[in-house]
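**Q** Got a sequence here, can you model it:
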Amino acid sequence: MRESHHTVSFIIPFLNEANNLPRLLDVMDKFARTVERTRSIKMDVIFVDDGSTDGSRAILSACTRVRTPYMSVRVIRLSRNFGKEVALTVGLKAATSDAVVMMDADLQHPIVLVERFLDGWLTDGYDVVYAYKQTNEDEGRFRRLARRLYYRMINSNADAEIVPNAGDFRLLTRRAYEALRELPERQRLMKGLYSWIGFRQKGIPFTPAKREAGTSKFSTLKLALLALDGITSFTILPLRMATWTGLVLAIISGGYGLYTIFEKIFLGTAVPGYPTMMTTIAFIGAAQLIFLGIIGEYLGKVLVEVKGRPLAIVESDERLEEEARLLRSGTHDNVILHERKW
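**A** Numbers count the residues shown, from 1 in each chain. This next block holds a predicted model:
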């Protein structure tokens, strides 16, 4: 493929990242200048504000007013916090470029790695070029174990294997991200969908940088809930586990019943009934409640899909460099808010 006359859009969802956005915009602006000079690729950025409450939108607007950004800056603000998966999807629906690069706003994704993404796309012909963490030594032992179990469980019965330690930091060509846009489900595990669409994919190891400001929005409890949501969204393994566990319990209880009959008839042993009965009932009851909860998770997802609500409501959709130009010329009117459903 010729490295000329291509366009690439950065898609950056964020939530309360006011302290990181000025530095991020500077880094991206310099990178866009370099890439256009060396590769003749025009870049723009689509920020998706996932219901921030710290004035992040105003920070972005102020940054474009004090200087003219080299690339087009578009900010899509959602009416409330819908979650990162939805924010990414909204950004993908807004893209029109030859390729998109998705990354976080916390400056932990090194922008220099995008050069290798571009090489994988333009030189090697890959449709998806993703980054994956080279090591998890910075995490605790329990968290590393939970991560391994999560990927083993979700990949044991998945149509397409999810790459461990790979996140949203990746490049997608137009046909790849258009394929993602055609997927209608509302309970979205983006990591799984990236693998499910297929196409030629290439992984690049990297080490995330330290967060410069702010804190992560994902606590341990929230990560655990997201893991559960991802498993039930992408695989039916828990339902099969419930079936197999029920079969094992039936075999054990049947065998124990035959053993008690043997003891009574052939050994003359009086089997104590009350403790055994209570323990068995409690065990089976607990198992039933757990499996009912698993079934409930899947039924809840079916209910969400059947309702057919839009993924998100867009409160506003603005191009900041155009707003800054109008302000400097003195012809700026109030920004029109576009309420749309995605």
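**Q** low-scoring stretches of the stretch 1-150 of the chain, by residue?
**A** Within the stretch 1-150 of the chain, the ranges that satisfy pLDDT under 70 run 1-4, 65-70, 136-140, 143.
**Q** Okay, buried residues for the helix or strand that contains Arg37 please.
**A** Counting by DSSP states H and E, the element that carries Arg37 is helix 21-39. By neighbour count on 16 or more other C-beta atoms under 10 Å, the buried set for helix 21-39 is Leu21, Leu24, Leu25, Met28, Asp29, Phe31, Ala32, Val35, Arg39. In this view, the C-beta of every residue, glycine as well, is placed from N, C-alpha and C.
**Q** Which SSE is immediately downstream of that helix?
**A** Following helix 21-39 in sequence order, the next helix or strand is strand 41-49 (DSSP H and E).
**Q** got the angle for that next one vs helix 21-39?
**A** Counting by axes from the mean of the first three to the mean of the last three C-alpha atoms, to 10 degrees, strand 41-49 lies at 160 degrees to helix 21-39.
**Q** Now whichever helix or strand comes after strand 41-49: buried residues?
**A** Sequence-wise, the next helix or strand downstream of strand 41-49 (DSSP H and E) is helix 56-66. By 16+ other C-beta under 10 Å, the buried positions in helix 56-66 come out as Ser56, Arg57, Ile59, Leu60, Ser61, Cys63, Thr64.
**Q** same for helix 56-66, what does it pack against?
**A** Judged by 3 or more C-beta pairs under 8 Å, 6 or more residues apart in numbering; DSSP states H and E, the packing partners of helix 56-66 are helix 21-39, strand 41-49, strand 72-78, helix 320-329.
**Q** give me that answer again for 10 Å
**A** Secondary-structure packing of helix 56-66 (3 or more C-beta pairs under 10 Å, 6 or more residues apart in numbering; DSSP states H and E): strand 6-14, helix 21-39, strand 41-49, strand 72-78, strand 313-319, helix 320-329.
**Q** got these as a markdown table, with distance to Val101 columns?
**A** Output for these, formatted as a markdown table (distance: least, C-beta to C-beta, whole Å):
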| stretch | distance to Val101 |
| --- | --- |
| strand 6-14 | 5 |
| helix 21-39 | 10 |
| strand 41-49 | 9 |
| strand 72-78 | 14 |
| strand 313-319 | 19 |
| helix 320-329 | 19 |
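**Q** Figure out how far stretch 147-154 is from the centre of its chain.
**A** 16 Å (C-alpha atoms, centre = their mean, to the nearest Å).
**Q** Okay, buried residues for it please.
**A** Arg147, Tyr150, Tyr151, Met153, Ile154.
**Q** and what of stretch 295-302?
**A** In stretch 295-302, counting by 16+ other C-beta under 10 Å, buried: Glu297, Lys301.
**Q** CA atoms only for it, dumped as PDB, please.
**A** Extracted in PDB, the C-alpha atoms of stretch 295-302 (Å, rounded to 0.1, in the frame of the first residue of the first chain):
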ATOM      1  CA  ILE A 295     -28.800 -18.300  34.500                       C
ATOM      2  CA  GLY A 296     -30.100 -14.900  35.800                       C
ATOM      3  CA  GLU A 297     -27.000 -13.200  34.400                       C
ATOM      4  CA  TYR A 298     -27.700 -14.600  30.900                       C
ATOM      5  CA  LEU A 299     -31.400 -13.800  31.100                       C
ATOM      6  CA  GLY A 300     -30.600 -10.200  32.200                       C
ATOM      7  CA  LYS A 301     -28.500  -9.800  29.100                       C
ATOM      8  CA  VAL A 302     -31.300 -11.200  26.900                       C
END
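**Q** quick one: average pLDDT of that stretch?
**A** Stretch 295-302 shows a mean pLDDT of 75 in the predicted model.
**Q** from now on call the first residue 497
**A** Taking 497 as the first residue, the last one we looked at is stretch 791-798.
**Q** Figure out how far it is from the centre of its chain.
**A** Centre-to-centre, stretch 791-798 and its host chain are 20 Å apart (C-alpha atoms, centre = their mean).
**Q** where in the stretch 697-838 of the chain is pLDDT low?
**A** In the stretch 697-838 of the chain (pLDDT under 70), the answer is 707-732, 749-750, 752-753, 759-760, 762-772, 774-775, 778, 817-838.
**Q** Point out the other helices and strands that the longest helix seen in the chain packs with.
**A** Ranked by residue count under DSSP state H, the longest helix found in the chain is helix 770-803. Applying 3+ C-beta pairs under 10 Å, 6+ apart, one finds that helix 770-803 contacts helix 716-730, helix 733-758.
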